[in-house]
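Undergrad: My questions concern the predicted model and sequence given below.
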Amino acid sequence: MIDLHHVQVACPPGGEDAARCFYADALGLTEVDKPAGLRGRGGVWFRAYDGRGAVGAEVHVGVEDPFAPARKAHPAFVVDDLDAVAASLRAASFEVDDGERESFDGYLRFHTHDGAGNRVEVLQRV
């Protein structure tokens, strides 16, 4: 058996607040404390919990210098209400591209970019 523990994306030095704006405020993940031994590296961690309190997704945002946003590689989050998440992201001034909304069998989806410009996919099962 294999479980996915987390996905790591990068941000530039000082990019933690932009990550919080995207992953916590707009996307709705919960910020969690990094282990004490890793705090000096910068960055910020986020979790999504399922309805039973178990971790459903975890994203680690690490500081990278020099930084280049990921344009192709990306995390993909499955949500219950795609339109509500899109509205939340737009309200926080993040662009939502739903040009491929119905291009993936079994899902509706859109793409966006986090506060550092990394590509992110959001899907809803149909």
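TA: Sure thing, it's come through. Residues are numbered from 1 along each chain as shown.

Undergrad: tell me, what residue is most central in this protein?
TA: residue 23 (5.2 Å; CA atoms, centre = their mean).

Undergrad: Where does that one sit: helix, strand or coil?
TA: Three-state call for residue 23 (DSSP: H, G, I helix; E, B strand; the rest coil): helix.

Undergrad: was I right about residue 29 contacting residue 48?
TA: Yes: using CB atoms under 8 Å, residue 29 is in contact with residue 48, at 5.0 Å. Backbone N, C-alpha and C define where each C-beta goes, glycine included.

Undergrad: what's the helix of greatest length in the chain packed up against?
TA: Of all the elements of type helix in the chain, the one with the most residues (DSSP state H) is helix 82-91. With contacts defined as 3 or more CB pairs under 8 Å, 6 or more residues apart in numbering; DSSP states H and E, helix 82-91 has these neighbours: strand 96-97, strand 107-113, strand 119-125.

Undergrad: Just put those in TSV and tack on mean pLDDT.
TA: Listed next are the helices and strands packed on helix 82-91 as TSV, based on pLDDT from 0 to 100:
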stretch	mean pLDDT
strand 96-97	98
strand 107-113	98
strand 119-125	98
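
Undergrad: Mean neighbour count added to those, as a markdown table?
TA: Listed next are the helices and strands packed on helix 82-91 as a markdown table, based on neighbours: other CB atoms under 10 Å:
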| stretch | mean neighbour count |
| --- | --- |
| strand 96-97 | 16 |
| strand 107-113 | 19 |
| strand 119-125 | 18 |
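
Undergrad: Nearest to residue 11, out of the ones you listed?
TA: strand 107-113 (11.9 Å; CB to CB).

Undergrad: What are the contacting residues of that closest one?
TA: Applying CB atoms under 8 Å, 6 or more residues apart in numbering, the external contacts of strand 107-113 come out as 69, 74, 76, 78, 82, 86, 89, 94-98, 100-103, 119-126.
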